[in-house]
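**Q** Pasting a predicted model and its sequence here:
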Amino acid sequence: MSQLSPLRLGIAGLGTVGTGVVKIVRQQAALLSARAGRDVVITAVSARDQSRERGVSLSGYAWESDPVALAKRDDVDVFVELIGGDSGPAKDAVEAALASGKDVVSANKALLAHHGQALAEMAEIAGHVIRFEAAVAGGIPVIKSLLEGLAGNEITRVMGVMNGTCNYILTNMEKSGRGYNALFDECAELGYLEADPNLDVGGIDAGHKLALLASIAFGTQVDFDAVELEGIQRIELQDIKHAADMGFKIKLLGVTQMTGRGLEQRMTPCLVPDTSPLGQLDGGTNMVVIEGNQVEQIVLRGPGAGMGPTASAVMGDIMDIARGNRVPTFGVPAAKLVKATPAMAASTAPFYLRVGLMDKPGAMAKIATILGDAGISIDRMRQLGHVDESAPVLIVTHKCMRQSLDHALEAMSKTDVLTTAPVALRIENL
Ligand code: HSE
């Protein structure tokens, strides 16, 4: 028999992840109890639809149709929020749980990315913890690595591919030769897309994750609005082919680092060397690369979604609470988190540019002049086959600042020689 009293869970949200957590608690009870030194039990659950068949028994659990009521129950020690969404019931219930003396475990990246600071302050004042391992990179214990295993490091940079759907689309465009729209449709059929697909392909889901990692890595208040975001919707097969010809893969890459000018956070499609660990990451898998002044570099790779991996991350947090391992939400007390100055990509890089140009005299010269006027030097330039009146031009620049390039792109858009808006991708030599 365990000596401590059982840890009592209230689980709100019985979709894929919630069901996975119930399965672990039921099927691995003895293992959890042995590891925590106490039983881990579910006392109550809540979801929208009580009658749905979930493939797991809910017998013995009280049912609450309102997650806020669940969060306030006296027989719940830990409120497990698996509802999702940055406002509404998820936020109301987490706040109710903290106010009524519960610890919180959540998989909700949007909620934490938008309200992380306020919730962390609330938890701290109440003397409780919020844990959210499952919110970032699914089954990869990246938050625990940053919070604990790497606590002795000054973190210098965190990078990663953190949206499996985008990585699935990009790698399968290359492998199958099918275009973006066909792969998007395939993801919809496979159930890979979020309810709002723009969260995936627009880079928002991955941006939420990056903002959370930045806060933990640099001790700053989470600031999702400062993430430079760009989705993968404009990547074409030809971009993937041109990148491959130069020895690169296109990835939706997140990078955050503290620079002399402020905190850089960007989630944008980039070219990365095809021989690098990030370049070799195929399909729906996630990868996070962490660099610290002592550890140098570590690479974490694993499933970024799915029932087992995400429930595994939720259970890791629950087990920490069961064992009495209590860490501030973002690693340092919420009141001590610094408000960082946002810095747009502070380091220079070469860029890949695809410009659709009118096939008429002087068009190429105009573009080259605009780049020159912006102080951007061209490394390579190639005109591709004409299609009707348009001639796509591929340009690789020497290293430049993203802001200079944006000025040049703005100037190009005001000319009469473009047939399509340019695609500009940073080349990240990792
Ligand atoms: N939609 C996400 C992805 C999983 O495709 O990686 C949950 O964050």
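**A** Structure received.

**Q** so what's Thr220 closest to, chain neighbours aside?
**A** Ala340 (4.1 Å; CB to CB, 6 or more residues apart in numbering). Bear in mind the C-beta positions are built from the backbone N, C-alpha and C, glycine included.

**Q** and that neighbour, how many neighbours?
**A** 20 (other CB atoms under 10 Å).

**Q** Could you check how far the residue minimising distance to the centre of the chain is from the ligand?
**A** When CA atoms, centre = their mean is applied to the chain, the residue found nearest the centroid is Ala206 (2.6 Å). Separation of Ala206 from the ligand (CB to the nearest ligand atom, to the nearest Å): 7 Å.

**Q** How about Cys187?
**A** On the measure of CB to the nearest ligand atom, Cys187 and the ligand end up 8 Å apart.

**Q** Next, that residue: secondary structure please.
**A** What DSSP: H, G, I helix; E, B strand; the rest coil gives for Cys187 is helix.

**Q** Report the contact partners of it.
**A** Thr165, Tyr168, Ile169, Leu193, Pro197, Asp200 (CB atoms under 8 Å, 6 or more residues apart in numbering).

**Q** of these, closest to the ligand?
**A** When the contacts of Cys187 are ranked by distance to the ligand (CB to the nearest ligand atom), Thr165 comes first, at 3.4 Å.

**Q** that older thread, can I assume the residue nearest to Thr220 sits in a helix?
**A** No - using three-state DSSP, the secondary structure at Ala340 is coil, not a helix.

**Q** Do I have it right that it meets Gly219?
**A** No - with contact defined as CB atoms under 8 Å, Ala340 does not reach Gly219; the gap is 9.0 Å.

**Q** Around the ligand, pick out the residues from this protein.
**A** Asn163, Gly164, Thr165, Tyr192, Glu194, Asp200, Asp205, Gly304, Ala305 (CB under 6 Å from any ligand atom).

**Q** Now the residue nearest to the first one when sequence neighbours are not counted: which helix or strand?
**A** With CB to CB, 6+ apart as the criterion, Asn163 has its nearest non-adjacent residue at 4.0 Å, and that residue is Ala206. The secondary structure element spanning Ala206 is helix 204-218 (assigned by DSSP states H and E).

**Q** Nearest residue to Ile240 in space, please, no chain neighbours.
**A** Glu174 (4.9 Å).

**Q** how about the strands in the stretch 301-430 of the chain?
**A** Secondary structure of the stretch 301-430 of the chain by DSSP state E, counting those that start in this stretch: the strands cover 351-358, 378-383, 390-397, 418-427.

**Q** Mean neighbour count, the ones you listed: which tops it?
**A** strand 351-358 (a mean of 22; mean count of other CB atoms under 10 Å).

**Q** so where is this protein shaky, pLDDT-wise?
**A** 1-2, 346 (pLDDT under 70).

**Q** looking at it, which residue lies furthest from center?
**A** Distance-from-mean max, the chain, by CA atoms, centre = their mean: Pro361 at 44.9 Å.

**Q** now that residue: how far from the ligand?
**A** For Pro361 relative to the ligand (CB to the nearest ligand atom), the value is 46 Å.

**Q** for that residue, phi and psi?
**A** For Pro361, the backbone dihedrals are phi -60, psi 140 (criterion: degrees, to the nearest 10).

**Q** residue ranges of the helices in the stretch 201-350 of the chain, please?
**A** Secondary structure of the stretch 201-350 of the chain (DSSP state H, counting those that start in this stretch): helices at 204-218, 237-245, 307-323.

**Q** Among the ones you listed, which comes closest to Gly127?
**A** The closest of the helices of the stretch 201-350 of the chain to Gly127 is helix 307-323. By CB to CB, the value is 13.1 Å.

**Q** Relative to the whole chain's centre, how far out is the closest one?
**A** Distance of helix 307-323 from the chain centroid (CA atoms, centre = their mean, to the nearest Å) equals 19 Å.

**Q** which helices and strands does it pack with?
**A** strand 7-12, helix 16-27, helix 29-36, strand 40-46, strand 78-81, strand 103-106, strand 130-131 (3 or more CB pairs under 8 Å, 6 or more residues apart in numbering; DSSP states H and E).

**Q** Can you point out the buried residues in the second one?
**A** Looking back up the chat, that one is helix 16-27. The neighbour-count check on helix 16-27 (16 or more other CB atoms under 10 Å) flags Thr16, Val17, Gly18, Thr19, Gly20, Val21, Val22, Lys23, Ile24, Val25 as buried.
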